[in-house]
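Participant: got a sequence here, can you model it:
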Amino acid sequence: MTTVQLPKSNYKSTLVEKTIEPFIDAGNLLIIDKDPLFENEINKIPDEEHLLNLARDNTQFLFNHIWELEKVTVDQAICAKLPTCTYVLPREKPLPKAKEMTKWEKFAKEKGIVKVKKDKKIFCTDSDTWKPTYGYKRGNDDTKDWLIEVPGNADPNRDFFEERVVAKKDRVAKNEFQRLKNLAHFAKKNKVDDGNLKQSSAPAQKKSGLGGKRNKVVDPNAKPIGLGIDNKTRSKTELGHQIYNAKHSTASLGKFQDKIKGEKTPKKLGVKRKFEHNFMGKEKETERMMKIFDTINSKKAKVTNSRLGSSLAKGAAAK
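Facilitator: Numbers count the residues shown, from 1 in each chain. This is a model prediction of the structure:
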């Protein structure tokens, strides 16, 4: 009778023996090993290899316990169903607060209104194709109709095309206004610090040329327009600064924008730097070089008044 010796495996056994039963919380995937690091020596310092072996054994012990739990199949994969957590682990940060509902969400909850998700595509009867329900190139766009049926009792001089465009702009403006109101409501309820909005800014007042000397100027760059401020509480100077910033955001820096009655013209507009052409004519280039040569070759030194005054002041202070 012959015995066959199997090759030695490089992997360790999945069976792990512990002197003291560890504490396992499968819900948190937590294991607390209660065994001492060394059986006989208490004050011995463990090395890296010993810690790695200990971590491997504890991980294997935890996974052995997990695979004893109830199993479910999800997308052709066998998963273990974890129980509820029993050990309370500390959190680094507090739990996030629930987002406050808007006025419409509260009203819909009280009335039992359920939001129905609309389709992203709609069949366009004009082109017999599927197009987006909203946005660019949407289907059944009534603002692009070339013909509108006029009721018999309507005024024939009314522009129904213009009314559709104006109605759409009104809807967009109403939604934006409601969004800003919700932001202001949340900011007021959360007691947002608006102290930076009440600080006076004299340089901004002088630069823009808006507001009198007695008026306190609010920094227009402190917060975006409409955040945390009601339209009724805005000062005249603050609105003037916002108009000034809006006009200066154009390419012409507000030069060709319409002016409001009584609006002051800003003193300093953007000055565009002028550079000479890289390739100039022979005469201009010769003239430029001759000016430089005359400046260098001149016997009389060129004196700058500002530098001369500063040097004299330094000499007097040294004496």
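Participant: just give me the neighbour total for Leu69.
Facilitator: By other C-beta atoms under 10 Å, 13 other residues sit near Leu69. C-beta coordinates here come from the backbone N, C-alpha and C atoms, glycine included.
Participant: show me where pLDDT drops low in the stretch 101-250 of the chain?
Facilitator: Across the stretch 101-250 of the chain, the ranges flagged by pLDDT under 70 are 190-236.
Participant: quick one: the helices in it?
Facilitator: Along the stretch 101-250 of the chain, the stretches classed as helices by DSSP state H, counting those that start in this stretch are 103-111, 160-189, 202-208, 236-247.
Participant: so which of the ones you listed is the most packed in?
Facilitator: Per-stretch averages of neighbours, counted by mean count of other C-beta atoms under 10 Å, single out helix 236-247 among the helices of the stretch 101-250 of the chain, with a mean of 18.
Participant: show me what it is packed against.
Facilitator: helix 202-208 (3 or more C-beta pairs under 8 Å, 6 or more residues apart in numbering; DSSP states H and E).
Participant: which helices and strands does the helix or strand Ala55 falls within pack with?
Facilitator: Using DSSP states H and E, the element containing Ala55 is helix 48-66. Packing partners of helix 48-66 (3+ C-beta pairs under 8 Å, 6+ apart): strand 23-25, strand 30-32.
Participant: of all those strands, which lies closest to Ala55?
Facilitator: With C-beta to C-beta, the closest approach to Ala55 among the helices and strands packed on helix 48-66 belongs to strand 30-32: 10.3 Å.
Participant: okay, now Thr86: neighbour count?
Facilitator: Taking other C-beta under 10 Å as the criterion, the count of residues near Thr86 is 12.
Participant: domain assignment for this structure?
Facilitator: 23-80, 103-149+156-184, 193-268 (automatic domain parsing).
Participant: save those as CSV, and put in distance to Lys284 too.
Facilitator: Converted to CSV, those look like this (distance: least, C-beta to C-beta, whole Å):
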stretch, distance to Lys284
domain 23-80, 77
domain 103-149+156-184, 52
domain 193-268, 30
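Participant: most neighbours per residue, which of those?
Facilitator: Buried most deeply of the domains of the chain, by mean count of other C-beta under 10 Å, is domain 193-268, with a mean of 14.
Participant: returning to that earlier point: next helix or strand past the helix holding Ala55?
Facilitator: Per DSSP H and E, the first helix or strand lying C-terminal to helix 48-66 is strand 71-74.
Participant: show me what that following strand is in contact with.
Facilitator: Here strand 71-74 makes contact (C-beta atoms under 8 Å, 6 or more residues apart in numbering) with 78-81.
Participant: which single one of these is nearest to Trp67?
Facilitator: Ala80 (6.3 Å).
Participant: sorry, back to before: now the helices of the stretch 101-250 of the chain as TSV including distance to Pro151?
Facilitator: Output for the helices of the stretch 101-250 of the chain, formatted as TSV (distance: least, C-beta to C-beta, whole Å):
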stretch	distance to Pro151
helix 103-111	33
helix 160-189	10
helix 202-208	52
helix 236-247	41
